[in-house]
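Peer 1: next come a sequence and a model predicted from it.
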Amino acid sequence: MPGEREWQDYLDDMLKAAEHLVIQTAHATDREIFDERGPQYGDVLYQLMVMGEAAKHLPAAFRESHPELDWTGIIGMRDRITHGYFAVVR
């Protein structure tokens, strides 16, 4: 992997993915967002994967200082999308 990244870079990745999700889904219903045939489905899953993968790279001390976020859920969702993609919405 070219170049070392700082943990803040991963936090920035998470923020960008979250912003992208908010913009892309602002006017869509849950049904539209998670319709496997819909135009947003793949993009939403990708952004959730980015957020989960980036969360894995944040220091434990940072995650512990923000207990209001479900870090296990964020990371677990990435793993579920990646390894159990065939059953994400079903």
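Peer 2: Sure, I can see it. Numbering: from 1, shown residues only.
Peer 1: hmm, who's touching the one helix or strand Y10 maps to?
Peer 2: Following DSSP states H and E, one finds Y10 within helix 7-25. For helix 7-25, contacts defined as C-beta atoms under 8 Å, 6 or more residues apart in numbering pick out 33, 40, 43-44, 47-48, 50-51, 54-55, 57-59, 62. Bear in mind the C-beta positions are built from the backbone N, C-alpha and C, glycine included.
Peer 1: pull the residues that contact the following helix or strand past that helix.
Peer 2: Using DSSP H and E, the helix or strand that follows helix 7-25 towards the C-terminus is helix 30-33. Helix 30-33 has contacts (C-beta under 8 Å, 6+ apart) with 25, 38, 40-41, 44.
Peer 1: report the buried members of those.
Peer 2: 25, 40-41, 44 (16 or more other C-beta atoms under 10 Å).
Peer 1: so can I have CSV of these showing secondary structure and distance to A18?
Peer 2: Formatted as CSV, the buried ones among the contacts of helix 30-33 follow (DSSP: H, G, I helix; E, B strand; the rest coil; distance: C-beta to C-beta, whole Å):
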residue, secondary structure, distance to A18
T25, helix, 11
Q40, coil, 15
Y41, helix, 18
V44, helix, 12
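Peer 1: tell me what whichever strand or helix holds M49 is packed against?
Peer 2: M49 is part of helix 41-56, with elements assigned from DSSP H and E. The elements that helix 41-56 packs onto, with contact taken as 3 or more C-beta pairs under 8 Å, 6 or more residues apart in numbering; DSSP states H and E, are helix 7-25, helix 71-83.
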